[in-house]
Every structure is written in C-alpha cells, then in structure tokens.
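[1] Okay, sequence plus prediction incoming.
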Amino acid sequence: MRRIQGWYGSFVAVLVSGCASLPAGQIGTDQAVITRDEIVRSGAATAYDAIRNARPLFLGFRGVTTVSGKSSPYPTVWLDGMEYGSIETLRGIPAGEIHQIQIFRTAIPSVFGTQNTSGVIAITTRH
C-alpha cells in the first residue's frame, strides 16, 4: 500500500482515528447521549436535573428556527418513541426510570416529523 504524505496524510490519519470505536464500558464519550450510568452518578431526581447536570447545552435556547417564527425555540421531548411535550415536561419524568437520553439538534423528519425544527430530546425508559 502506498503511503500518503504531507498534510493530507495527517488529515486522513486524524479522520480515521476519530472514527475508531471506543472500548466497551467507556462512559460519557458521546456528547449527544446521556447514559444510565451518568444519570445515576449525577444523583438527579428528574430528567431535567439529569440533563442540567450532565449536558446543560441540551436545554439551551435555539432562537427562532422557522421563517414564520411559530416554532418553539427549545427542543421537543419524546418519550419511548412518542412525542411527550415541551421541555418543561422533563421535570415530571423520574430519573430512576430513564435508560438513556439523546439529543437530536435537528429533527429527523422520517422519525420525528417536520414540526420539531428546534431538535428533539429523546428519552428511553428502562422498561
């Protein structure tokens, strides 16, 4: 195999190493996901507390995300694959029931529909 030289070779090496898988059991490596272990370690009582402790930027104001200005500037909360409500509904979800919390900065229309332009906080419970 031919060796790639110069800055391009360095770029490819960094890109490939950044895509490598992480060792099993490593916690907190994916900034878009809050794991069960992180939730337990945080001592949070609700989903809102867990997010505020582990990834406060999940709760951030995103501003107007549509031309009409009719969208929410905060992500929509989904619970076990169904739309659950506004960001305030996180305060009613017990942290002890959560398996994982994931943020989608922009909604995936095929999964969450087109109305969630400010993103989605998707919570999976421990059922």
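    Now that the structure is in, tell me what you want to look at.
[2] Only the buried residues of stretch 43-62, if you could.
    For stretch 43-62, burial by neighbour count (16 or more other C-beta atoms under 10 Å) applies to 44, 46, 47, 48, 49, 50, 51, 53, 54, 55, 58. For the C-beta atoms, the positions are set from N, CA and C on the backbone; glycine is no exception.
[3] An error on my part: the question was meant for stretch 82-92.
    84, 87, 89, 90.
[4] Show me those residues that map onto strands.
    residue 84 (DSSP state E).
[5] biggest separation within the buried residues of stretch 82-92, which pair?
    Spanning the widest gap among the buried residues of stretch 82-92 are 84 and 87, at 10.3 Å by C-beta to C-beta.
[6] Give me the common contacts of these two.
    Both residue 84 and residue 87 are in contact with 76, 77, where contact means C-beta atoms under 8 Å, 6 or more residues apart in numbering.
[7] now this structure, which segments are flagged as low pLDDT?
    1-30, 61-72, 107, 109-110 (pLDDT under 70).
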